[in-house]
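Student: Here is a sequence with its predicted model. Questions after.
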Amino acid sequence: MTAEIIARGVHYQYSQGTDLALKNINLKINKGEFVAIIGPNGSGKSTLAKLFNGIFIPTKGEIYVDGLNTANKEDIWKVRQKAGMVFQNPDNQIVATVVEEDVAFGPENLGIPPAEIRRRVKESLEAVELSEFAHKAPHMLSGGQKQRVAIAGILAMRPQCIILDEPTAMLDPVGRKEVIDTIKKLNREEAKTIVLITHFMDEAVQADRVIAMEKGQIVLEGTPSQVFSKVDRLKSIGLDVPQVTELAHQLKNAGIGIRPDVLTLEEMVDCLCQLL
Amino acid sequence: MSIVVKNLTHVYMPGTPFESVALKDVNWEIADGEFWGLIGHTGSGKSTLIQHLNGLLKPTSGEIIVNGVNLHSKGVNIKSIRQKVGLVFQYPEHQLFEETVEKDVAFGPRNMNLPEDQVEKRVREALELVGLNYEEVKDKSPFELSGGQMRRVAIAGVLAMNPEVLILDEPTAGLDPRGRDEILDEIVTLRKRRRITVILVSHSMEDIAKLVDKIAVMHRGKMIKSGTPREIFGDYKGLTAMGLGIPQITELMLRLREKGKNVAGDILTVEEARDEILKAIRRKGSA
């Protein structure tokens, strides 16, 4: 598999004399992979995300995006075009007064011809299933819809990779589901590489791989079942597990023979049906 | 402190092309000391409703009666009601504005013209209630704190008014799991210590299930249901149809029942589920 993003011995310090925000991060994210990054506040997740598209440059070590070193000033716009970023607050990311103009903002700045921009805007809005909102005002949309507009704006830049920093933190359950379904669809159908930073464990379990961070370091890494079966470890760093995983853990501790790596409701129903 | 909402209707921008009915004939009785959860999807009218409870919004029709007093009858001092009904908005840390934590939390009590020693006492207590050490944080700028700490300072600012009713609109939104649990634990402690009435607006059914005595469900401007968590979450189909969920653990038990397993369906926490399943396994073993 070819790598989309490589981090090699990355350290990051916000300013001299402060603690390292990231310590010796080594990481490879493959093309087409869906990776979730979890960790308590202040663990370095967002810092890492900002290093992935060159908003920050490592204090020590290197980040490569599709082979380009982010520290290389000439390549920075290429890096950002390859790895697009979506942030937490949809209201801070929308710049235009009409949805389609907002989506066109990125490609316009890349100097792309108008006919091509139109095609990209159309495709991007189709991909996030908001075509019928093309002429609406963004502020009239729901949180989940606004966040999908933000994703469409990134898609119009034709990135290979989309980095999302807690995109659902400010949304209600319906909006959260819309955004996660959109992300999964882009990963599955358009083979976009996805890096999702989240505090919601039910979102992280849907990724191919989960990376848990604490105090600037990667402390756990693996498939969702590998990571979430370490219930006590996750709790010790202030994280959570889905309720069904917690239940399996508690039943196991009570001497019941049950898999410790149950992640979803459906799996748990099957497991319990065998026991009961 | 009790609150009664009677036939409350609220229309935004009446008589304009933007007219929209946000609340339709809402009735709600909150008894002194109760802990309520208020649920409903975005746009269901939750925020409009809670802004009526301390007089920030005026009903288009209907009444809000706080401790027997109609908020909008003549001669009622709405300011004194606002001090008793504390409202913590979503992302309250966006409202921090003072140079120091002490000044920010003291803003309310100072505006009430309390003597300085009283102000200090209240600020100390309020910060302590949200798990912050007065001496450690009082001279800091609120803006150099972490997100979770800023949220706590903002909540302390409301607590410093010694409210008898505390309304929190999504107090844990955007926090990490530990920050979320800490804030919720503090609300529970606060309730025990001050015996105040609490209304928690939340999208997290897991949190609601763990904490509250009663739940009110808003849908399209109407309060369509209220009851205990077991009653409300028992109606999985009804809630899903409204775009709401139930705690994952409750859903698990209901699914097991659908498959013909003999377990209780009104389960709210992981611990309850564990005990119920252990019992069922033992029953099966002895059968």
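Tutor: Cool, got the structure.
Student: Quick one: the strands in the stretch 151-287 of chain B, in order.
Tutor: For the stretch 151-287 of chain B, the strands defined by DSSP state E, counting those that start in this stretch occupy B:165-169, B:197-201, B:214-219, B:222-227.
Student: Distance to chain A added to those, as a markdown table?
Tutor: All C-beta spots, glycine's among them, are computed from the backbone N, C-alpha and C. Shown next, in a markdown table, are those (distance: least, CB to the nearest CB, whole Å):
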| stretch | distance to chain A |
| --- | --- |
| strand B:165-169 | 12 |
| strand B:197-201 | 11 |
| strand B:214-219 | 12 |
| strand B:222-227 | 17 |
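Student: Turn these into a markdown table, columns for mean pLDDT, distance to B:Val26 and mean neighbour count.
Tutor: Shown next, in a markdown table, are the strands of the stretch 151-287 of chain B (pLDDT from 0 to 100; distance: least, CB to CB, whole Å; neighbours: other CB atoms under 10 Å in any protein chain shown):
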| stretch | mean pLDDT | distance to B:Val26 | mean neighbour count |
| --- | --- | --- | --- |
| strand B:165-169 | 96 | 15 | 23 |
| strand B:197-201 | 97 | 14 | 24 |
| strand B:214-219 | 97 | 8 | 22 |
| strand B:222-227 | 96 | 5 | 17 |
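Student: Quick check, pLDDT for the residue in the stretch 1-150 of chain B positioned nearest to chain A.
Tutor: Of all residues in the stretch 1-150 of chain B, the one sitting closest to chain A is B:Thr42 (4.4 Å; CB to the nearest CB). On pLDDT, B:Thr42 comes in at 82.
Student: got the contact list for it?
Tutor: With contact taken as CB atoms under 8 Å, 6 or more residues apart in numbering or on different chains, B:Thr42 is in contact with A:142-143, A:172, A:174-175.
Student: what about it, helix or strand, and which?
Tutor: For B:Thr42, there is no enclosing helix or strand under DSSP states H and E.
Student: quick one: the residue in the stretch 151-287 of chain B positioned nearest to chain A and A:Leu234, what's the gap?
Tutor: With CB to the nearest CB as the measure, B:Arg178 is the residue of the stretch 151-287 of chain B nearest to chain A, at 3.4 Å. Counting by CB to CB, to the nearest Å, the gap from B:Arg178 to A:Leu234 is 11 Å.
Student: Point out the residues in the stretch 101-250 of chain B that sit beside chain A.
Tutor: Taking CB under 8 Å from any CB of the partner chain as the measure of proximity, the stretch 101-250 of chain B contacts chain A at B:146-148, B:173-179, B:203, B:206, B:243-245, B:247-249.
Student: Among those residues, name the buried ones.
Tutor: Buried subset of those (neighbour count, 16 or more other CB atoms under 10 Å in any protein chain shown): B:148, B:173-179, B:203, B:206, B:244-245, B:247-249.
Student: how about the strands of the stretch 101-250 of chain A, start to end?
Tutor: Counting by DSSP E, counting those that start in this stretch, the strands of the stretch 101-250 of chain A are A:161-165, A:193-197, A:209-214, A:217-222.
Student: and the last one, which residues are buried?
Tutor: Looking back up the chat, that one is strand A:217-222. A:218-220.
Student: hmm, that strand in reach of chain B?
Tutor: No. Strand A:217-222 lies out of reach of chain B by CB under 8 Å from any CB, never closer than 14.7 Å.
Student: Same check on the third one?
Tutor: No. Remark: strand A:209-214 sits outside contact range of chain B, by CB under 8 Å from any CB, the gap being at least 11.3 Å.
Student: Work out the gap between that strand and the centre of the chain.
Tutor: Put simply, strand A:209-214 sits 12 Å off its chain's centre (CA atoms, centre = their mean, to the nearest Å).
Student: picking that back up, measure the residue of the stretch 1-150 of chain B closest to chain A to A:Trp77 for me?
Tutor: Going from B:Thr42 to A:Trp77 by CB to CB gives 36 Å.
Student: cool, B:Leu127 as well?
Tutor: Going from B:Leu127 to A:Trp77 by CB to CB gives 47 Å.
Student: Make sure A:Arg120 is actually in contact with A:Ala156.
Tutor: Yes. Contact criterion CB atoms under 8 Å: A:Arg120 and A:Ala156 qualify, at 4.5 Å.
Student: Now the common contact residues for these two.
Tutor: With CB under 8 Å, 6+ apart, A:Arg120 and A:Ala156 have common neighbours A:103-104, A:107.
Student: tell me which residues form a beta bridge with the residue most central in space within chain B?
Tutor: Centroid check for chain B by CA atoms, centre = their mean gives B:Leu200 as the closest residue, at 1.4 Å. Taking DSSP bridges as the rule, B:Leu200 bridges to B:Gly37, B:Leu168.
Student: which ones are touching A:Ile37?
Tutor: A:Ile37 makes contact with A:45, A:48-49, A:195-198, A:210-213, according to CB under 8 Å, 6+ apart.
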